[in-house]
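Engineer: Predicted model, plus sequence, below.
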Amino acid sequence: AYIMSGDHAELNLDIVTVSANILLIYCEKRFFGWRSFEMRQALKKLCLLIDQYGYNHSNAPHALNTVGQLLMKHQNYICAQRFFEKQLYVEKMFLGCNSPELAVTFNTIGEVYHAQKKYKDAMKYYQDALNLQRRPSSTKKFIDESIFAIVLFNIAKVHK
């Protein structure tokens with residue numbers, strides 16, 4: 001039986017994140033392949049656990065992102081996109097719709113579209129990421145210059 005309330009759900013989402021990171025290491029060290037039966041089974045279990053524990057927890061976005069990254073490495077772009085979009089939804093609940101911190105997730109969703117050669121969609125998300133990084137009234141033009149640089153690099157990849 002799963003415990004799904006309060007701090008227990010937070011802890012279980014942390015376990016999902018750690019498990020996904022272990023899967024990444026196993027695949028990178030070639031203990032089993034990205035397309036192996038073990039990988040598919042582990043991904044299914046992680047997805048079920050995240051759905052079971054819900055998204056109303058502060059560490060849910062990190063768990064969603066970690067599994068999404070794992071799916072990206074597995075080249076399962078459609079499922080990865082779903083996880084990143086859920087991540088964006090949860091982050092908006094916690095941070096608000098105009099938080100500059102959302103730029104990383106917008107950029108990641110753009111990367112998913114780019115990997116699928118859906119360049120117009122990728123550009124929309126890259127542009128959203130740039131817009132969130134702009135500071136209207138500040139001495140610094142952009143909030144996080146490293147994120148700004150990454151998004152510009154991704155835009156350049158679309159235009160090459």
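Structural biologist: Sure thing, it's come through. Numbers count the residues shown, from 1 in each chain.
Engineer: How much space separates Val67 from Tyr126?
Structural biologist: As judged by CB to CB, to the nearest Å, Val67 and Tyr126 stand 23 Å apart. (Glycine included, C-beta is placed from N, CA and C.)
Engineer: Phe94 now?
Structural biologist: Using CB to CB, one obtains 23 Å as the distance from Phe94 to Tyr126.
Engineer: what do you get for Val151?
Structural biologist: If you go by CB to CB, the gap between Val151 and Tyr126 works out to 5 Å.
Engineer: which residues are common contacts for those two?
Structural biologist: 107, 110 (CB atoms under 8 Å, 6 or more residues apart in numbering).
Engineer: Centre-most residue in the protein?
Structural biologist: The centre of the chain sits closest to Asn65, judged by CA atoms, centre = their mean, with a distance of 3.1 Å.
Engineer: Show the pLDDT at the closest residue to that residue other than its chain neighbours.
Structural biologist: Nearest residue to Asn65, sequence neighbours excluded (CB to CB, 6 or more residues apart in numbering): Gln87, at 5.3 Å. We have a pLDDT of 92 for Gln87.
Engineer: count of neighbours near Gln87?
Structural biologist: Other residues near Gln87 come to 25 when the count uses other CB atoms under 10 Å.
Engineer: go on, Glu145?
Structural biologist: The local packing of Glu145 (other CB under 10 Å) involves 11 other residues.
Engineer: All good on my end, thank you.
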